[in-house]
Every structure is written in structure tokens, then in C-alpha cells.
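J.: no sequence on this one, just coordinates:
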């Protein structure tokens, strides 16, 4: 089997797994809990046949059909890539909201942090894009910058869930953790593959198979989480004097006006009151001595 045929077979398997996953996701109603994840899977399933048809059109004998299909493939591929990056950000927000559903104060505060992280990512992306390419050729640089920022966010979210799993009463079999785990595998795959390809260009062909295999592993992880029954989420019960409870209360108070307290000026200075107390004690001691004499 040639390498091109093997890659075509792996791409076909990826499409079948994505379609199966999308069907299971919608059949079990997970799209109501994670609407951005449902949109991401639908985009992944719909775009694959479109790209396949455009690739077939590029092999046409007609020069005009070849040119149109090549331009359409370029625009559609990077449009889907940018749309995927945007959906991945909202998926991270959905996973974070689901994981911290028992701590509403910290959940609202975390979502605000996510929004600011998105603004910073946009600023960093557009400020770091090299203007070597002009016009439409700058779209890939922007898309790759956005996806790189979202991939970092995915890895940070997975690390946060792994560290705070016990405090959040989050099970390893929870769907929110499974979604984060799958995206963490894919994000790590992207970073490692790009780094190795940049260091050794001769390994480009073998790494393509490794890259596609890890993608299939991530999709298989989601299939397993969607197929297995999800455990009932335990309520988050913490002591009143615990740190996480205080953080949740502080986060809940942020952004709310609450009750107003009127602060009245003191009648006298603190040191003046101390002097009065000292004078009373001295006067009492003097009276005792006079009475003894």
C-alpha cells in the first residue's frame, strides 16, 4: 500500500468517526449542554466531503476548473480553520462552565477571565503576524496565530481540570473532562508535530501518519466518553472556613453593589482616648496611696 493511499484511508476513517461521533452527540442530546461542541462536530463533518470534492476538481483536465477549485479550496479551508478556532474558544468556555457549575461565583469570574484572554489573544495574533504576505495570502498567518492561541488555552484548561478535579468533585468519566482531554491531545499533537517538522524536514512524511493517528486517538476518546454512561455529578460540599469557599464568595461579590455602609467620623482621636484612660488609672492609684497614708 502506497503512502498516499494509506493517508487517504486514514482520512476516510477520520470522517467516519467524526460522523459517528456527531450522530451520537446529537442523539443523546449533548448538543443542548455543549452547543458549541455540537457546531464544531457539524462543521467538521460537513467540511470534509466539500474538501474532498474540491481536491477532485483540482485534478480536472480543464485549466479553468482546476483554477476555480484551487481558489475555492484555499478560501474554504482557511475559513473553516478560523471558524474552528472561534468555536474552540466557546467550547473551552462551555467546559469551564460545566466543571464549575457547583461554584457559580468562581464560574462567572472565570468566564470574564476567558473573555479578556480572548481579547489579548486577538491583539497578540494580529500584532505578531508577519506582513511578508500581502492581501489574501495573509489569511493563513492569521488563522494559524488564532489556532495557536486557542491551543494554549485548551492545554491550560486541561491542566486546571486535572489539578482541581478533587476540589470540583469532577469525575474522570465526566463528559466535560473528556472533551477537554480530547482537545488537549490534539493541541499537544499540533505543537509537537510543528516543532519536530521545523527541526527535521526529512521526517515530514512519517510525521504526517503520526499526526493523523493522534487525531484519530482524540476522536476515539470522544467516542468512548459519548458511548459510556456518564456518572451523576456530586454536589460540591466544602467547609465554611475553606479557601475555595471564600474565593467563591469573593468572586460572587465582585461586580455587585451590595449594601452600602455609612462610615461616621470618630468623636475623638484614638490617642486622645488612650490618654484619658491613662489619666483615670493614675488618678485612681494616687487616691489609693493617699488613703493608705
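T.: Okay, I see it. Computed from a predicted model, the values in this text were never measured in an experiment. Numbers count the residues shown, from 1 in each chain.
J.: what helices or strands is the helix or strand where residue 122 lies leaning on?
T.: Assigned by DSSP states H and E, residue 122 belongs to helix 104-128. Helices and strands touching helix 104-128, by 3 or more Cβ pairs under 8 Å, 6 or more residues apart in numbering; DSSP states H and E, are helix 63-99, helix 139-163, helix 243-253. Heads up, the C-betas are built off the backbone N, CA and C, glycines and all.
J.: could I get the ones you listed as a markdown table with mean neighbour count?
T.: Below are the helices and strands packed on helix 104-128 laid out as a markdown table (neighbours: other Cβ atoms under 10 Å):
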| stretch | mean neighbour count |
| --- | --- |
| helix 63-99 | 17 |
| helix 139-163 | 18 |
| helix 243-253 | 14 |
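J.: could these go into JSON lines alongside distance to residue 6 and mean pLDDT?
T.: Putting those into JSON lines (distance: least, Cβ to Cβ, whole Å; pLDDT from 0 to 100) gives the following:
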{"stretch": "helix 63-99", "distance to residue 6": "22", "mean pLDDT": "90"}
{"stretch": "helix 139-163", "distance to residue 6": "26", "mean pLDDT": "88"}
{"stretch": "helix 243-253", "distance to residue 6": "50", "mean pLDDT": "69"}
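J.: same list (those) but as CSV, adding distance to residue 42.
T.: Compiled in CSV, those are given as follows (distance: least, Cβ to Cβ, whole Å):
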stretch, distance to residue 42
helix 63-99, 10
helix 139-163, 18
helix 243-253, 34
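J.: nearest to residue 35, of those?
T.: helix 63-99 (7.4 Å; Cβ to Cβ).
J.: check which helices and strands the closest one sits against.
T.: helix 35-58, helix 104-128, helix 139-163, helix 175-199.
J.: mean pLDDT lowest for which of these?
T.: Here the helices and strands packed on helix 63-99 differ in mean pLDDT, and the lowest is helix 104-128 at a mean of 81.
J.: for the helix holding residue 122, buried residues please.
T.: Buried residues in helix 104-128, defined by neighbour count with 16 or more other Cβ atoms under 10 Å: 105-107, 109-110, 114, 117-118, 121, 125.
J.: now do the same contact list for residue 225.
T.: By Cβ atoms under 8 Å, 6 or more residues apart in numbering, the contact set of residue 225 is 173, 175, 178-179, 182.
J.: and the helix holding residue 122 with helix 63-99, angle?
T.: Angle between the axes of helix 104-128 and helix 63-99 is 150 degrees (criterion: axes from the mean of the first three to the mean of the last three Cα atoms, to 10 degrees).
J.: redo the buried residues of helix 104-128 as a markdown table? Include distance to residue 163.
T.: Listed next are the buried residues of helix 104-128 as a markdown table, based on distance: Cβ to Cβ, whole Å:
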| residue | distance to residue 163 |
| --- | --- |
| 105 | 19 |
| 106 | 14 |
| 107 | 17 |
| 109 | 17 |
| 110 | 14 |
| 114 | 17 |
| 117 | 18 |
| 118 | 22 |
| 121 | 22 |
| 125 | 27 |
